[in-house]
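Q: Give me coordinates for this.
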Amino acid sequence: MKKLLLLLLTGFVSFSIYSQEYLAEEKSGYREGFIPELKLLDKSLNFVALGDFGRFGQYYQKPVAEQMGKAAMTIESDFTVCVGDNFYPNGVQSTEDHQWISSFENIYTNMSLHNDWYVALGNHDYRGSIQAQLDYTKVSRRWQMPDKYYSKTFDLDNGDKVLMVVMDTNPYIDSYRKPGMMYENIIAQDTLAQTQWLTETLKNADEKVKWKIVVGHHPLYSGGKRKTNPDTIKFAERFAGVFDTYRVDAYICGHEHDLQIIKPKGRYTTQFLSGAASEVRPTGKTEGTLFAESQAGFMTFSITSNKLLVQVVNHEGKILYTTEINKK
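A: This next block holds a predicted model:
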């Protein structure tokens, strides 16, 4: 009888503890911390992409960060991609700059976002210390910027691979080569060396690489504020053909504070512009526009051997657009 009472008491205590934990999760919103409308692919490589974000939590940064966490939880994100302009208005000055806390660590707090963040440099980052952002790689568990430009290869479930190349697009922008806050950083960069590295990396990719993705800050095309800007036009003239030649499937960028997907007729590469993680500006269409919205948000990417699925999510968790690239 005593043993039976002990078992009943033990079961009641265990159930009570479980109930308290369940209620705590309900109260915290954990069990509501998903976006069930997001499509899921079986055995896929998954990541979230954002840009132009570091604004001390202001504008839409906090609500976007909240939905990013939910999206990353839903798709079981493997990592995060940042396309630059990580800290407004003038970058960071050191690894101890408070903006690491106020614009990054204290904003992206969901546990699903505590994985690797592969980060590119934007023009506002060039106003501060580039070296500080490189050095923070050694400070932070998740911040990954081993160099101003670098590459990373990921394995897919069937043995195929994904090559991701992160560019530093800033030195290629002619208007930045004028005296000003960025000038000293810009003129210190060797564009010939980076271009050679880029082409060799794309050309000599592992034979098992099924997908090639390039990440950079500046867009090839835009229907937004910089649609006819000479910097945009010249950047496309310099790199659109290179990306086509080496069969780059996706170019992920920002700079424009909106959400756009563009694939001009005759081009191989699709551009995914995700620069609306904080401030938002009006946008529009251009040749090859598949999607354009002036809303705060981000994009999710899911990749299998034969499919690349992209979903555009706004700051309220609404799916704005979904598209796929398919391969045999």
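Q: contacting residues around the closest residue to Leu45 other than its chain neighbours?
A: Leaving aside its sequence neighbours, Leu45 sits nearest to Ile303 (C-beta to C-beta, 6 or more residues apart in numbering; 4.6 Å). Using the backbone N, CA and C atoms, a C-beta is placed for each residue, glycine as well. Taking C-beta atoms under 8 Å, 6 or more residues apart in numbering, we find Ile303 in contact with 41, 44-46, 156, 162, 211, 309.
Q: which of these are buried?
A: Buried members of the contacts of Ile303, scored by 16 or more other C-beta atoms under 10 Å, are 44-46, 156, 162, 211, 309.
Q: end to end, how far does stretch 259-268 reach?
A: Start and end residues of stretch 259-268 are separated by 20 Å (C-alpha to C-alpha, to the nearest Å).
Q: list the buried ones in it?
A: Those buried within stretch 259-268 under the rule 16+ other C-beta under 10 Å are 259-264, 267.
Q: contact partners of that stretch?
A: Applying C-beta under 8 Å, 6+ apart, the set of residues contacting stretch 259-268 from outside is 219-224, 240, 243-244, 247-249, 269-276, 283, 286-295, 297, 299, 310, 312, 320-321, 323.
Q: So which of those residues sit within strands?
A: Counted as lying in strands by DSSP state E, out of the contacts of stretch 259-268, are 270-274, 289-293, 297, 299, 310, 312, 320-321, 323.
Q: returning to what we had before: select only the buried ones of the contacts of stretch 259-268 in PyMOL?
A: Selection command for PyMOL covering only the buried members of those, criterion 16+ other C-beta under 10 Å:
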select buried, resi 219+220+221+222+223+224+240+243+248+249+269+270+271+272+273+274+275+276+283+286+288+289+291+292+293+294+295+297+299+310+312+321
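Q: Which parts of the stretch 51-200 of the chain are helices?
A: Ranges of helices in the stretch 51-200 of the chain, per DSSP state H, counting those that start in this stretch, are 61-75, 99-100, 130-135, 183-187, 191-203.
Q: looking at those helices, which is closest to Gly54?
A: With respect to Gly54, and counting by C-beta to C-beta, the nearest of the helices of the stretch 51-200 of the chain is helix 99-100 at 6.5 Å.
Q: State the mean pLDDT of that closest one.
A: Computed over helix 99-100, the mean pLDDT rounds to 98.
Q: Now tell me what touches that helix from outside.
A: 54, 56, 87, 92, 136, 140.
Q: give me that answer again for 6 Å
A: Contact partners of helix 99-100, identified using C-beta atoms under 6 Å, 6 or more residues apart in numbering, comprise 87, 92.
Q: Equivalent analysis for stretch 108-126, please.
A: Applying C-beta under 6 Å, 6+ apart, the external contacts of stretch 108-126 come out as 65, 69, 72-73, 79-86, 88, 91, 142-145, 166, 168, 170, 182, 185, 215-217.
Q: Narrow the residues you listed to those that are buried.
A: 65, 69, 72-73, 79-86, 88, 91, 142-145, 166, 168, 170, 182, 185, 215-217.
Q: all strands in the stretch 101-250 of the chain, in order from the N-terminus.
A: With DSSP state E, counting those that start in this stretch as the criterion, the stretch 101-250 of the chain has strands at 116-119, 143-144, 150-155, 161-166, 209-215, 250-253.
Q: Reformat those into TSV and put mean pLDDT next to each item.
A: Formatted as TSV, those follow (pLDDT from 0 to 100):
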stretch	mean pLDDT
strand 116-119	98
strand 143-144	98
strand 150-155	98
strand 161-166	98
strand 209-215	98
strand 250-253	98
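Q: which of those strands is buried the deepest?
A: Looking across those with neighbours counted as mean count of other C-beta atoms under 10 Å, the highest average goes to strand 250-253: a mean of 26.
Q: wait, Asp157 sits on Lys43?
A: Yes. Taking contact to mean C-beta atoms under 6 Å, the distance of 4.0 Å between Asp157 and Lys43 places them in contact.
Q: picking that back up, ok, which of the strands of the stretch 101-250 of the chain comes nearest Gly128?
A: Checking the strands of the stretch 101-250 of the chain against Gly128 by C-beta to C-beta gives strand 116-119 as the closest, at 13.9 Å.
Q: In a markdown table: the helices of the stretch 51-200 of the chain, plus distance to Ser175.
A: Output for these, formatted as a markdown table (distance: least, C-beta to C-beta, whole Å):
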| stretch | distance to Ser175 |
| --- | --- |
| helix 61-75 | 27 |
| helix 99-100 | 25 |
| helix 130-135 | 19 |
| helix 183-187 | 10 |
| helix 191-203 | 15 |
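Q: For Lys328, which of those helices is the nearest?
A: Distance to Lys328, taken as C-beta to C-beta, is lowest for helix 191-203 among the helices of the stretch 51-200 of the chain, at 21.0 Å.
Q: now the angle from that closest one to strand 209-215?
A: What separates the directions of helix 191-203 and strand 209-215 is an angle of 150 degrees, with axes from the mean of the first three to the mean of the last three C-alpha atoms, to 10 degrees.
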